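1. test case, fold it:
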Amino acid sequence: YYIGSKYARLRFGVGNDFMKGRQADYVLSDWTSDEQADLQERIEHAQKMILAFGTIGLTQTMSNFNGK
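-> This next block holds a predicted model:
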């Protein structure tokens, strides 16, 4: 994705398991045991995305990782 027309960005979402209007409470709350257990895998996935972005470019990285 591009911010404006000059800067590419990589997104790492926080999910949507919160009540409407309570996003800040969700994002700032303690992690559940399931979230904590998944953290290492998610960090490794983000590292792979960053490496791909730097080596194969934005378009191919988006193709490889979006929707996964």
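2. show me how far stretch 55-68 is from its chain's centre.
-> 13 Å (Cα atoms, centre = their mean, to the nearest Å).
3. which residues does that stretch contact?
-> With Cβ atoms under 8 Å, 6 or more residues apart in numbering as the test, stretch 55-68 has contacts from 1, 8, 10, 48-49, 52-53. From N, CA and C alone the C-beta is placed, and that goes for glycine too.
4. what comes up buried for that stretch?
-> 61-62 (16 or more other Cβ atoms under 10 Å).
5. tell me the helix or strand right after the helix or strand bottoming out on mean pLDDT in the chain.
-> In the chain, the helix or strand scored least confidently by mean pLDDT, DSSP states H and E is strand 2-3, which has a mean of 54. Note on strand 2-3: by DSSP states H and E, the next helix or strand toward the C-terminus is strand 7-8.
6. pairing partners for that next one, with directions?
-> With DSSP bridges as the test, strand 7-8 is paired with strand 2-3 (antiparallel).
7. in the lengthiest helix in the chain, which residues are buried?
-> Secondary structure of the chain per DSSP state H: the longest helix is helix 33-56. Going by neighbour count (16+ other Cβ under 10 Å), the buried part of helix 33-56 is 49, 52-53.
8. residue contacts, residue 32?
-> Contacts of residue 32 (Cβ under 8 Å, 6+ apart): none.
9. no no, residue 7
-> Contacts of residue 7 by Cβ under 8 Å, 6+ apart: none found.
10. who does it bridge with?
-> Residue 7 forms beta bridges with residue 3, as assigned by DSSP bridges.
11. per-residue confidence for it?
-> For residue 7, the pLDDT comes out at 75.
12. now do the one 4 residues further on
-> Model confidence at residue 11, expressed as pLDDT, equals 70.
13. what count of nearby residues applies to it?
-> By the criterion of other Cβ atoms under 10 Å, residue 11 has 7 neighbours.
14. swap in the one 3 residues further on?
-> Neighbour count of residue 14, defined by other Cβ under 10 Å: 10.
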